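Engineer: Build me a model:
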Amino acid sequence: MSLPPSSPPVSSLEEEDFISLAPLWSLIRRYRRWLELSVFALAVLAGGLVSAAYIALPKGVQAGLEFTLNFPDAALGVYPNRLPFRPEDLLETSLLRGLYEQNHLQVYLKFDEFKSGFSLERAGEELDLLQREFRARLEDRKLTLADREKIEAQYEAQLKSLPPTTYRLNFTQRARPARLIPRALLTKILEEVLRRWSDDAVKQKKVLAFAARLPGQMSLPDSGHDPLIALMELLERTRVLAEGMGAMARLPGGYQASLPDGTRLADLFLQLNFLQEIQIPQTRSALFGSIADPAQAAAIERMFRLQVRIREDRLRLAQEKLRAALSTYRDYLASRASGPVSQGRSSAETGGGGTQLQISDTFLTKLMELGRGNEDIQYRTSLVEKIRNERLQAAAEESALRETREIVEALAKEAQAPEKTPGSAKAKAPAAPTSSTDFASSLNRGCRQMNSLIADSEKLRAQITENYMSPQTSLYRITVPVIAESSSLLTPRNTGLFAAVFVFLGLGLMLVVCWAHDQSTNAGRSEK
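Structural biologist: Next up is the predicted model:
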């Protein structure tokens, strides 16, 4: 008799791996109402904790305002009146304290916190493009350490070449919501910082003061005056007028202002060039043609030759002062770093004696960049300003020397003419009164042109002062308005995660409590 095969016994290990959720669901059904109340209570409690955290935890607010400096030599660190400029001038303690007290900010924060919340950094579209370009180059994973250092050095070099005229004024505060400065007030404060700085610079430091002078109008010479003195007076007043118009060109809005008839500063420069290059040489030629006495011509020639020697000495002195100023700057650079000195020397000394003609505004900007740092910016600014002034002085002396030499050459030609053609000299003698009349009319015409230029320059200077010398239009221009951003730990994501975890843990704890209550209830029934 054969027995049927018996089924294999179930291993105890498989029984242990099997977990039944039936007791859990039974427990949830029995305590369903309690669990629902627990979930509602946990949600209310989580909301209360989030609200309390929102009130108690500090929040951060950051606002930024981008602006551009308008005055011409801002990149050199010089105000229009040649005083040194630093970007840190915007955040002077006295200006911030006045702003703090006027807006009653003591209800929000202390003054030290208010002052430390400000910062200033370079900005601008060119800077953003440069940063994006080099950031993309540095993201290449194949770069070696040497390549990265080389790219960073190139970035620093190109960053120094950008003119530092665009900045971003930032303010950061971190406090409880009740102590945060409102956004509308924060916008007003950032704009007020620029306004107060410009008002102080214009009214207290007089940075827009018109330092150069314009000459007074010249009275028309009569027949009793020495014609040579009248001509020299015309030349001197013309030179002073050129300096005054050059100073007007450096003022903010100098080339934008116009007279009611549409005349601008560029038009006045064209008229001045015509007076210097055409009208005055014609007047000078007419003067030489009116001199009939050879002895008088020889005496005038000797006087101008003496003046040539004097002007040559002045030119040499001006060039020596210019070289001394350049040497002082080289010594300053040598005391800081040996690298840039040779570059400054080779750029400045090109051209030998004509040093002043080789120094451009770009070179002066490079001199400021060679210092590398803000700790000596006032001293560097004074050195560069001294180089600029000596260059202009040397150029003015060279121009005066050239003009005097032309007069001497013209007088020499007039003296040689009678020797070569005595007949023509005799024929010229009766025409002397006509030449004198031509000279007088030419001199009067030049004086009237110069007086008209002086009058228009005075009107244009008044126009610039009225329309362009206000602090807001002359020193800065806001390019990007105030942008405020707030930051907090209680972001929607963090708040949702906290509420979910809090409710989940609380519900788990309630299930444990319900299970313990169920076990104690069953134990009590079994004992009975």
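Engineer: domain parsing for the chain?
Structural biologist: 59-208+477-487, 227-468, 490-528 (automatic domain parsing).
Engineer: As JSON lines, those domains with distance to Leu35 would be great.
Structural biologist: C-betas here are computed from N, CA, C, even on glycine. Shown next, in JSON lines, are those (distance: least, Cβ to Cβ, whole Å):
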{"stretch": "domain 59-208+477-487", "distance to Leu35": "36"}
{"stretch": "domain 227-468", "distance to Leu35": "67"}
{"stretch": "domain 490-528", "distance to Leu35": "6"}
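Engineer: Val50 is nearest to which of these?
Structural biologist: Nearest to Val50 among the domains of the chain is domain 490-528; the distance by Cβ to Cβ comes to 5.7 Å.
Engineer: What residues of that closest one count as buried?
Structural biologist: Residues 495, 498-499, 502-503, 506, 510-511, 514 are the ones in domain 490-528 that count as buried (16 or more other Cβ atoms under 10 Å).
Engineer: Filter these down to just the ones in strands.
Structural biologist: Applying DSSP state E to the buried residues of domain 490-528, no entry is found in strands.
Engineer: okay, these in TSV with pLDDT and distance to Asn170 next?
Structural biologist: Formatted as TSV, these follow (pLDDT from 0 to 100; distance: Cβ to Cβ, whole Å):
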residue	pLDDT	distance to Asn170
Thr495	77	28
Phe498	78	31
Ala499	78	34
Phe502	79	37
Val503	79	40
Gly506	82	43
Met510	81	49
Leu511	80	51
Cys514	82	55
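Engineer: Now do the strands in the stretch 101-250 of the chain.
Structural biologist: Ranges of strands within the stretch 101-250 of the chain are 118-122, 166-175, based on DSSP state E, counting those that start in this stretch.
Engineer: Return the most buried member of those strands.
Structural biologist: Among these, ranked by average contacts under mean count of other Cβ atoms under 10 Å, first place goes to strand 166-175 (a mean of 19).
Engineer: How many neighbouring residues does Glu149 have?
Structural biologist: Glu149 has 11 neighbours, counted by other Cβ atoms under 10 Å.
Engineer: what do you get for the one 3 residues further on?
Structural biologist: The burial metric for Glu152, expressed as a neighbour count using other Cβ under 10 Å, is 13.
Engineer: show me what contacts it?
Structural biologist: 134, 138 (Cβ atoms under 8 Å, 6 or more residues apart in numbering).
Engineer: mind checking how far Thr187 is from Thr172?
Structural biologist: Spatial separation of Thr187 from Thr172 under the definition Cβ to Cβ, to the nearest Å is 15 Å.
Engineer: repeat for Pro215
Structural biologist: For Pro215, the distance to Thr172 equals 53 Å [Cβ to Cβ].
Engineer: sorry, back to before: nearest to Leu24 among the domains of the chain would be which one?
Structural biologist: Per Cβ to Cβ, nearest to Leu24 of the domains of the chain: domain 490-528, 8.0 Å.
Engineer: and Val482, what element?
Structural biologist: Here Val482 is covered by strand 476-487, with elements defined by DSSP states H and E.
Engineer: wait, isn't Leu315 in contact with Ser399?
Structural biologist: No: using Cβ atoms under 8 Å, Leu315 makes no contact with Ser399, being 9.8 Å away.
Engineer: more neighbours, these two?
Structural biologist: Leu315 (22 against 15).
Engineer: Just the element for that one, please.
Structural biologist: Counting by DSSP H and E, Leu315 is found in helix 294-336.
Engineer: Show the pLDDT at Gly423.
Structural biologist: Per-residue confidence (pLDDT) for Gly423: 45.
Engineer: contacting residues around stretch 517-528?
Structural biologist: 27, 30-31.
Engineer: Which of the residues you listed scores worst on pLDDT?
Structural biologist: Leu27 (75).
Engineer: Next one: it relative to Leu228, how far apart?
Structural biologist: Taking Cβ to Cβ, one finds Leu27 at 123 Å from Leu228.
Engineer: Phe40 too?
Structural biologist: 109 Å.
Engineer: So between those two, which is more surrounded?
Structural biologist: Neighbour comparison, Phe40 and Leu228: the larger count goes to Leu228, with 15 against 10 (by other Cβ under 10 Å).
Engineer: Which residue, other than its chain neighbours, is closest to that one?
Structural biologist: Leaving aside its chain neighbours, Leu228 sits nearest to Ile300 (6.6 Å; criterion: Cβ to Cβ, 6 or more residues apart in numbering).
Engineer: Surely that neighbour touches Ala412?
Structural biologist: No: here Ile300 does not reach Ala412: they are 11.1 Å apart, not a contact under Cβ under 8 Å.
Engineer: between those two, which one's more packed in?
Structural biologist: It is Ile300, of Ile300 and Ala412, that has more neighbours when counted by other Cβ under 10 Å, with 20 against 14.
Engineer: pLDDT value on that one, please?
Structural biologist: pLDDT at Ile300 comes out at 72.
Engineer: Give me the most central residue, this structure.
Structural biologist: For the chain, Thr165 is the residue whose C-alpha lies nearest the centre (Cα atoms, centre = their mean; 1.8 Å).
Engineer: Backbone dihedrals for that residue, please?
Structural biologist: Note on Thr165: its backbone torsions stand at phi -120, psi -10 [degrees, to the nearest 10].
Engineer: any idea how far Phe269 is from Gln279?
Structural biologist: Taken as Cβ to Cβ, the span from Gln279 to Phe269 is 15 Å.
Engineer: Looking at those two, which one has more neighbours?
Structural biologist: A count of neighbours by other Cβ under 10 Å puts Gln279 above the other of Gln279 and Phe269, at 20 against 17.
Engineer: give the contact list for the more buried one.
Structural biologist: 442, 445-446, 449.
Engineer: Would you quantify the distance from it to Leu272?
Structural biologist: 10 Å.
Engineer: what's the answer for Leu194, then?
Structural biologist: In this view, Leu194 and Leu272 are 36 Å apart by Cβ to Cβ.
Engineer: how many neighbours does Ile387 have?
Structural biologist: With other Cβ under 10 Å as criterion, Ile387 counts 23.
Engineer: Right, I'll call it a day here.
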